[in-house]
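Engineer: here is my input, please return the structure:
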Amino acid sequence: MLESILPAPRDFFSLSGMFRTLAPIIIYIIWNRYFRDARFNVPKLVTKTQAALGDSKFDSLDDIMKECYQKDKNRIYKVEHPHKDVVIIPAKYVDELKNLPDEQVNFLEDINERFLGDYTKMIAPGGIHDETLTHTIKNSLNSNLGNIMGEIQEEISYAFSQEIGECKDWTPSYPMTALMRIIALVSGRIFAGPELNRNEEYINCCLNFGVEAYNVIPAMRKYPIFLRPLAQYWVKECQKPLQAIETMKRLVAPVIAARTTEKGPKPHDMMTWIMENSPPGKATDLEWQAKYQLQIATAAMHTTSNTMTHIFFDLAAHPEYLSILREEILAVTAAEPLGVLSKTSLPLLKKMDSFIKESQRMNPFSSTGFSRKILKPTRLSDGLLLPPGITVTTPVSQISMDPDIYSNPEVFDGLRFFKMRKKRGEENKWQYVTTSTESLNWGSGVHACPGRFFAANEIKCIVMYLIMNYDVKLEEGKGRPKNIWTEGGMIPDITGKVLLKKR
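Structural biologist: Model prediction:
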C-alpha cells in the first residue's frame, strides 16, 4: 500500500517525487488548519438576514438570545457571527472555564480570530501572547492611579473648555462627537504624556486607527483564510493601519529619545511604564512603542466614549438624579483639602458608581461576553464536552435583563446597585468594576479587563465635572436617543443630541 503512494528512495529527491510525497501532507495541513469545522451538535439559530431563504423570525442576534434566554437560560445553541459560528453557553459555566489554563481555553486566540489581528494590527507587537501591555496596566498603571488623579481632572477641565464650551444658554450638543475628543485628550495625557496628548496629529491618529483597523476586517474576510497572507498586500484597507503605525513612530520618536536621556523621575504615564516593561532591546524600538500606543488607545478610547455617551443620554433622560449625585459629590469633596477627588475618595461616590453601572447594565457594550476559543477537548463538571476549534460565549445582554437577578429589569433605576450593596455580604459585589457571573461586561477571571479601574476613575471624574458644571436635559418632546444594534454589539446614536447649560 505505502509502496504505491510513496516514491522509491532514489526517486524522492526528484521534483516529481518530492511533490508526490509532500502534496498530501501540505493539503492535510491546510485542511486541518483552515477548513475543518469543529463538530458540536447543538441547534443553530439565524436572523432573517442570515437565513438563506429568509426562513427566520428573528430580526437580530439579540432577538435570538432574548427568546432563548426567556424560555431556558441554560440552553446551548449556535449563532452566526461574521467570522464563524459561535456557541452560546449559560453563565453557570463561567466560573469553571475561567480557571482553565490558556493552553486549553484561550481568550486571546478568540480575539485574534475575531478581529484579524495580523492584518488590522490590533495586536501586541510581540504577537497575541505578548503580555507587556497587560503586565504594565496591572502593575504600573493600576498601582499609580492615585498619582495621576490630578492630571486626569486637570485634563478634563481643559477638554471640556475646548469641546463643550461655556453653553451660557441651553445649547445642543452631540455627546458622541465631543466625548471622542474629550476621552482622547484625557486618556492621551496618561497614555502618551503631555508632550503628545494635545497634538492634533496624535489625537487623529489614535481615533482614526480604530476605525481604519475595523475596516480591514470585512475587506479581508472576502478572501479564504489561506489566501489572506497574500491578499493583505493588495487590499487597500490593510495599508491604513500601517500608515498609522508610521505616523505614531514619528510622533513618539522625540518623546522616547527624551525619556531615555533625561535624568531624575520620569513622568507618570504609560509611555514611561511600557518602556520600563518592554522586552530586552524593545524599550526604544519605535515600531514596538508605536504599536503599544495604538493598541491601548484603540482598547480604551472608543469603549470609554461609548460608555460616556450612554451616561450623557441617561442623565438627560433622568434629570432627577442630577441633584442626588451633586449632593453626594459635595459631601465627598468637602473632606478633600483641595476639593479634588482622590483615589481614596472616589470609592465613596457610591450613588454615582450605581448610576454608571445601571447605565452599563441597560446599555451593554456587546450582546455577548466572556468569549473563549477551545483549544483542547474540554469536559465540564456536568459532562458537557467542548471540542477544540469552537468558540463559546455568554449572552451578556440577557443576563443584564434577568428578573431573577434584577427586579424590574426593564426600568432604569440609577440607585439600583447602591441599594443592592446595602445587603449584608454584598457591599462590594455590585461595584461598577466588580466582575461576577451576574455582571460579565468586563469579562471574568485572569483575563477580565485590566484597564477597568483606570476607565472607571476616568469616567467618574468626567461625570463629576459634567454635573457640577452643567445642567443637562433632552430636547423638548424628545425621548432618549435609541441605541443601535450592530454585528459587534450595541452603540449609542452618534446623531443623538442633548441640551447643555452652564451652571
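
Engineer: please, which helix or strand holds residue 308?
Structural biologist: Taking DSSP states H and E as the criterion, residue 308 maps to helix 286-317.

Engineer: name the residues of that helix that come out as buried.
Structural biologist: Neighbour-count burial for helix 286-317 flags 286, 288-317 (criterion: 16 or more other CB atoms under 10 Å). Quick note: C-beta positions are derived from backbone N, CA and C, even for glycine.

Engineer: now do stretch 443-457
Structural biologist: 443-445, 447-457.

Engineer: now these as a markdown table including pLDDT and distance to residue 367?
Structural biologist: Converted to a markdown table, the buried residues of stretch 443-457 look like this (pLDDT from 0 to 100; distance: CB to CB, whole Å):
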| residue | pLDDT | distance to residue 367 |
| --- | --- | --- |
| 443 | 91 | 15 |
| 444 | 90 | 17 |
| 445 | 88 | 20 |
| 447 | 90 | 19 |
| 448 | 91 | 18 |
| 449 | 92 | 17 |
| 450 | 94 | 23 |
| 451 | 94 | 21 |
| 452 | 95 | 19 |
| 453 | 96 | 25 |
| 454 | 96 | 25 |
| 455 | 96 | 20 |
| 456 | 96 | 22 |
| 457 | 96 | 27 |
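
Engineer: now for these: which two are most distant?
Structural biologist: Using CB to CB, the buried residues of stretch 443-457 span at most 22.3 Å, a distance reached by 445 and 457.

Engineer: number of residues surrounding the closest residue to residue 434 other than its chain neighbours?
Structural biologist: Of all residues not flanking residue 434 in the chain, residue 428 sits nearest, at 6.4 Å (CB to CB, 6 or more residues apart in numbering). Residues near residue 428, counting by other CB atoms under 10 Å, number 10.

Engineer: confidence score at residue 428?
Structural biologist: Reading off the confidence values, residue 428 has pLDDT 89.

Engineer: isn't it right up against residue 436?
Structural biologist: No: counting by CB atoms under 8 Å, residue 428 does not reach residue 436; the two are 10.4 Å apart.

Engineer: quick one: the helices in the stretch 51-200 of the chain?
Structural biologist: Listed in chain order, the helices of the stretch 51-200 of the chain (DSSP state H, counting those that start in this stretch) span residues 61-71, 94-97, 107-115, 117-120, 132-136, 145-163, 175-191, 200-221.

Engineer: pick the most buried one from these.
Structural biologist: Counting by mean count of other CB atoms under 10 Å, helix 175-191 has the highest mean neighbour count of the helices of the stretch 51-200 of the chain, with a mean of 24.

Engineer: phi, psi of residue 373?
Structural biologist: The phi and psi values for residue 373, taken as degrees, to the nearest 10, are phi -90, psi 130.

Engineer: shaky segments in the stretch 351-500 of the chain?
Structural biologist: By pLDDT under 70, the low-scoring segments of the stretch 351-500 of the chain are 487-488.

Engineer: ranges for the helices of it?
Structural biologist: Taking DSSP H, counting those that start in this stretch as the criterion, the stretch 351-500 of the chain carries its helices at 396-399, 416-420, 452-469.

Engineer: the residue nearest to residue 87 when sequence neighbours are not counted bridge partners, please.
Structural biologist: With CB to CB, 6+ apart as the criterion, residue 87 has its nearest non-adjacent residue at 4.8 Å, and that residue is residue 392. Beta-bridge pairing for residue 392 (DSSP bridges): residue 87, residue 372.

Engineer: and residue 392, how many residues sit next to it?
Structural biologist: 23.

Engineer: again with residue 425
Structural biologist: There are 6 residues near residue 425, going by other CB under 10 Å.

Engineer: ramachandran angles for it?
Structural biologist: phi 90, psi -10.

Engineer: can you pull out the low-pLDDT segments for the chain?
Structural biologist: 1-39, 48, 50-57, 339, 487-488.

Engineer: for the host helix or strand of residue 257, packing partners?
Structural biologist: Using DSSP H and E, residue 257 sits within helix 239-261. Here helix 239-261 touches helix 200-221, helix 270-277, helix 286-317, going by 3 or more CB pairs under 8 Å, 6 or more residues apart in numbering; DSSP states H and E.
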